[in-house]
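# How does the following fold in three dimensions:
(one chain, ligands or ions: 1)
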Amino acid sequence: MTHRFENRVVLVTGAAHGIGAATARRLHAEGAAVVLADVDADAARRVADELDGNGPGRALAVPCDLTDTASVDAAVAAAVDRFGRLEALVNVAGGARAQPGLAGGVSDADWSATVDLNLTGPARCVRAAIPHLTSRGGAIVLVSSVNGLQAFGDEAYSAAKAGLSSMAQNLAVELGPRQVRVNVVAPGTVRTRVWDHQGGPGRMEPLYPLGRVGEPEDVAAAIAFLASDDAAWITGVTLPVDGGALAGPLQRMLAPAP
Ligand SMILES: NC(=O)c1ccc[n+]([C@@H]2O[C@H](COP(=O)([O-])OP(=O)(O)OC[C@H]3O[C@@H](n4cnc5c(N)ncnc54)[C@H](O)[C@@H]3O)[C@@H](O)[C@H]2O)c1
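Here you go, the predicted model:
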């Protein structure tokens, strides 16, 4: 394992479960001090304890609700208070809610709650982190979804995730001169708790040319790359991490069975 994050402090939201926990583990394994920010504070603490069990105290769990500005600000402040600085922000927290679409008459409240978690929440995190990142240069990685790049249903979730790409492009231009890079990772189906709601094994695999759905570690590896100096000249992009799902779904559906 390379050590691209030695002496770097990274705040990961949504780090208690799934992709966020895998990202925290990956960054920690590469030498980072990791702040695990999650609304599920107990589970975040368990992951932090697991990480610190393997070495010096480089993991800190902090409670953080993306839908609450004061909570986000406090999480970033706690990170800086403990480690003295922040070199990267990875926003993983988010998710779809079971709710009707526009044609099904989704309520304003449900629409707003989805956009609040998946677009405004990451914006809150970015706003709180910017003063610390711009003081030393750094990286921001936002986790979107293939839903933000192509129609897979759920307009509120998809529109919010698509908004992250626009946000990243605008931030990339604004923060580039201050040596802060801003990129987005757009996963396809990944085997986390969400997997249970997508029908489990067998249903999604045919959509993926590589023959399997993703593992949280597949996405964590892409996040680590974009957050690291290996991506020093990459900013403002949205990287699908999707086993090829977006490469040619129509052709795959029409192809004769092997
Ligand atoms: N799993 C997939 O198939 C998939 C596909 C595409 C995109 N994504 C995106 O990846 C991200 C992570 O998803 P996952 O599958 O790991 O889900 P998950 O449910 O396993 O993890 C999400 C984490 O976010 C936390 N969280 C939820 N609401 C929060 C809030 N208000 N404030 C702070 N933390 C909050 C949860 O406690 C949890 O730890 C999400 O943004 C999701 O939209 C997932």
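# need the strands for the stretch 1-150 of the chain, in chain order.
9-13, 33-38, 59-63, 88-91, 138-143 (DSSP state E, counting those that start in this stretch).
# okay if I get those as a markdown table plus mean neighbour count, distance to Pro240 and mean pLDDT?
No exception for glycine: its C-beta is placed from N, CA and C like everyone else's. Formatted as a markdown table, the strands of the stretch 1-150 of the chain follow (neighbours: other C-beta atoms under 10 Å; distance: least, C-beta to C-beta, whole Å; pLDDT from 0 to 100):
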| stretch | mean neighbour count | distance to Pro240 | mean pLDDT |
| --- | --- | --- | --- |
| strand 9-13 | 30 | 21 | 98 |
| strand 33-38 | 30 | 25 | 98 |
| strand 59-63 | 23 | 29 | 98 |
| strand 88-91 | 28 | 17 | 98 |
| strand 138-143 | 27 | 12 | 98 |
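# Could you dump those strands into CSV and include distance to the ligand?
CSV is the format used below for the strands of the stretch 1-150 of the chain (distance: least, C-beta to the nearest ligand atom, whole Å):
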stretch, distance to the ligand
strand 9-13, 6
strand 33-38, 5
strand 59-63, 9
strand 88-91, 8
strand 138-143, 5
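# what's the distance between Val173 and Val141?
Distance, Val173 to Val141, using C-beta to C-beta, to the nearest Å: 17 Å.
# Reformat the strands of the stretch 1-150 of the chain as TSV; add distance to Gly163.
Converted to TSV, those look like this (distance: least, C-beta to C-beta, whole Å):
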stretch	distance to Gly163
strand 9-13	17
strand 33-38	21
strand 59-63	26
strand 88-91	13
strand 138-143	10
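# Appreciated, that's everything.
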